[in-house]
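>>> Make a model of this:
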Amino acid sequence: MPEGYALNYTAVVIVAAVGLLAMGGMLAASFFLAPKRKSADKDLPFECGIPPTPFTWSQIHVRYYIFAILFLLFDVEAVFIFPWILTFLQSAAQGASWVFYEMILFIAILLFGVLYGWRKGVLQWR
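I've put the predicted structure just below:
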């Protein structure tokens, strides 16, 4: 093993030990310094300030999940397009055109997903 590796591992072990000691110290301080007042409301499985009712089950419609997934889809698309612009500008200066076609394929796949959802009626709020 080269000489520099042992020094690097030593630094990692020291930082990990300091982090674990700090975390343990904060947990111990929280345990000893926190006020402890017992009550019946705190023993409930869900404490939010509202007493539980007998009818706790409620149905959440699937359209909320579909809209969340579609939001994530386009959010991830935006995250990939911004760095791609920089890569495209660098590769265009060097004469590589394949980067452009990769993004066209990526957008085509996303467009297919949107058109599929639109055709299935997922994008309509009823």
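>>> now for the host helix or strand of residue 108, which elements pack on it?
Using DSSP states H and E, residue 108 falls within helix 98-120. Applying 3 or more C-beta pairs under 8 Å, 6 or more residues apart in numbering; DSSP states H and E, one finds that helix 98-120 contacts helix 62-94. Where C-beta positions appear, they are placed from N, C-alpha and C, glycine not excepted.
>>> in the helix it packs on, what's buried?
residue 88 (16 or more other C-beta atoms under 10 Å).
>>> where does the protein dip in pLDDT?
1-7, 46-57, 126 (pLDDT under 70).
>>> So which bits of stretch 34-47 are buried?
Buried, per 16+ other C-beta under 10 Å, within stretch 34-47: nothing.
>>> so is residue 122 in a helix, a strand, or just coil?
coil (DSSP: H, G, I helix; E, B strand; the rest coil).
>>> what about it, how many neighbours?
Neighbour count of residue 122, defined by other C-beta atoms under 10 Å: 16.
>>> which outside residues touch the helix holding residue 108?
Helix 98-120 is contacted from outside by 66, 70, 73-74, 77, 80-81, 84, 87-88, 91-92, 123, using C-beta atoms under 8 Å, 6 or more residues apart in numbering.
>>> could you redo the last one with a cut-off of 6 Å?
77, 84, 87-88, 91, 123 (C-beta atoms under 6 Å, 6 or more residues apart in numbering).
>>> ok now it, how far from the chain's centre?
Put simply, helix 98-120 sits 23 Å off its chain's centre (C-alpha atoms, centre = their mean, to the nearest Å).
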